[in-house]
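> Build the 3D model from these lines:
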Amino acid sequence: MSIGDLLLRLTIALGIGLLVGVERGWKTRAMTPGSRAAGIRTFILCGLLGGVIAALAQYVGTGYGAGLVIGLGFAVYAAVFTVLQRDADRAAGSFSATTVFAGLLTFALGALAVAGDSRVAAAAAVAMTGVLAIRNEIHGWLDRITWPELRSALVLLAMTFIVLPVVPDTTIGGDPGVNPREVWLIAIVLAGVSFLGYAAVKMFGAERGVLVSALAGGLVSSTAVTVANARRAATGEGAVDVLASGVAIATALSFLRVTAIVAALQPGLLVLVAPALVAAALAAAAYAIVTVYWRGADHGGRVRPDGFSNPFSFWPVVGFAVLLGATMVAGRLVVETFGTEASFIGAVALGLFDVDAVTAATSRLVPVPLDERAASMTILLAVVANTASKLTLAAVMGRGRFAVEVAAMTLLCWLAGGAGLWLATSAGFAVPH
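Now for the predicted structure:
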């Protein structure tokens, strides 16, 4: 290591101590000087000390000797710092280990800045300082969180970071078979969208929360938004108008998402696809706006304050994911059986859930074996099937007026999309056969 590089790394170690020291010093700024065991100057020295110890270890070598120097240096530092902070806490009548661990971590990150990756050390220092700075917010959040919320968050995290990595990413039962990882990803998306909706309602209020979660969830899966809102409509956890408007917003985003995929993969198909899908998206968005801001007062559009009681239920989410996975497998079986000559049949089968996959796959079949007109109609037919599947979900899970609202929105989208397609073909913009 050159002298310039070493000086730079020692400066980063000093900066790490300064960053943490400013936060710790600000928290104890009202205390009398000399009554604190560790303030801004102490933390600056702690970071620099860690860097110096690591630099000394570099001169010993890269084997056990270097590790021994750093280990002994850290042990002595930890003992001295802990004793001083303990005496300071006793004098102040407080009981907290936060400053002790902040001091230990400052030393360790200072050493990492010199002996390891300084970028990682700096990033970790920023993260640590952020956690220290939001102490009051974290405690307030813990005071407000309920057990169902905490349990659901832990379940979702376990589904994503514990179970998903060990789920086999292989097809079971031949081709087309069941891919367990694919089914589990569907379950995670369903649970995540449901949890997102719950969190948005808690943060932004009932009406805005439903719409915000629909905007975010629609970017991932409009089907998941439909499932979540249908379940809440069935259990009375929200105003039917607002929940249906959420489905309309997610549906509009799904139309625009398909348009974007076509534009990226096969722009020539936009001649027919874009007018139909953009018109349908505008219709869905208009339906949502009219429902929330014009009809809301007449239809009881307000969600009661205790609206959403549970982010999601684990077993219903997993069960529905299995059902959707089976539907996708059935769609693939249809495609395998009838081949590309029956692309319309395959579009309907696969589009029931995964319209994005149909769009991407169909775009790659142009110009052989599908011409642009056939590919465009295949994609549009998949979109129709996908909206029909959401309508079916609304009727089966949401029932009642929620199903009626979604049906009206779906019909309006179909009419608007059909009108857009008719205008495109009648104006002579149709792609050649």
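> how about the helices of the stretch 51-200 of the chain, start to end?
64-92, 98-115, 118-133, 135-144, 147-158, 180-204 (DSSP state H, counting those that start in this stretch).
> lowest-confidence stretch among the ones you listed?
When these are ranked by mean pLDDT, helix 135-144 comes last with a mean of 75.
> May I see the buried residues of stretch 57-64?
By neighbour count, and taking 16 or more other CB atoms under 10 Å as the criterion, the buried residues in stretch 57-64 are A57, Q58. For glycine as for every other residue, the C-beta is placed from the backbone atoms N, C-alpha and C.
> ok, now stretch 187-204?
The neighbour-count criterion (16+ other CB under 10 Å) identifies 187-202 as the buried residues of stretch 187-204.
> now swap in stretch 265-275 and tell me
Q266, L269, L270, V271, L272, V273, A274, P275.
> Give me the mean pLDDT for that stretch.
Looking at stretch 265-275 alone, the average pLDDT works out to 90.
> Am I right that E237 is in a helix?
No: inclusion of E237 in a helix is not indicated when DSSP: H, G, I helix; E, B strand; the rest coil is applied; the result is coil.
> neighbours around it, how many?
Summarising burial for E237: neighbours were counted as other CB atoms under 10 Å, giving 21.
> Roughly how far does it sit from V227?
E237 is 14 Å from V227, where distance means CB to CB, to the nearest Å.
> Return the distance of the closest residue to L10 other than its chain neighbours relative to R9.
Nearest residue to L10, sequence neighbours excluded (CB to CB, 6 or more residues apart in numbering): G51, at 4.8 Å. Look at G51 and R9: by CB to CB, they are 7 Å apart.
> before we move on, what about V114?
The span separating V114 from R9 equals 4 Å under the rule CB to CB.
> Tell me the pLDDT of the residue nearest to L10.
94.
> Numbering from 49 from now on, please.
Understood, numbering begins at 49; the last thing we discussed is G99.
> for it, what are its contacts?
With contacts defined as CB atoms under 8 Å, 6 or more residues apart in numbering, G99 is in contact with R57, L58, I60, A61, L62, G158, A159, A161, V162.
> would JSON lines of the residues you listed with distance to A169 and neighbour count be doable?
Rendered in JSON lines, the data for the contacts of G99 read as follows (distance: CB to CB, whole Å; neighbours: other CB atoms under 10 Å):
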{"residue": "R57", "distance to A169": "9", "neighbour count": "23"}
{"residue": "L58", "distance to A169": "12", "neighbour count": "20"}
{"residue": "I60", "distance to A169": "7", "neighbour count": "21"}
{"residue": "A61", "distance to A169": "8", "neighbour count": "33"}
{"residue": "L62", "distance to A169": "12", "neighbour count": "21"}
{"residue": "G158", "distance to A169": "8", "neighbour count": "33"}
{"residue": "A159", "distance to A169": "8", "neighbour count": "25"}
{"residue": "A161", "distance to A169": "4", "neighbour count": "29"}
{"residue": "V162", "distance to A169": "9", "neighbour count": "27"}
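> now for these, which pair is the farthest apart?
Pairwise distances across the contacts of G99 peak at 12.6 Å for L62 and A159 (criterion: CB to CB).
> what about stretch 438-458, average pLDDT?
91.
> And it, what's buried?
Taking 16+ other CB under 10 Å as the basis for neighbour counts, the residues of stretch 438-458 that come out buried are 438-439, 441-443, 445-446, 450-451, 453-454, 457-458.
> Export the residues you listed to JSON lines and append columns for secondary structure.
Below are the buried residues of stretch 438-458 laid out as JSON lines (three-state DSSP):
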{"residue": "K438", "secondary structure": "helix"}
{"residue": "L439", "secondary structure": "helix"}
{"residue": "L441", "secondary structure": "helix"}
{"residue": "A442", "secondary structure": "helix"}
{"residue": "A443", "secondary structure": "helix"}
{"residue": "M445", "secondary structure": "helix"}
{"residue": "G446", "secondary structure": "helix"}
{"residue": "F450", "secondary structure": "helix"}
{"residue": "A451", "secondary structure": "helix"}
{"residue": "E453", "secondary structure": "helix"}
{"residue": "V454", "secondary structure": "helix"}
{"residue": "M457", "secondary structure": "helix"}
{"residue": "T458", "secondary structure": "helix"}
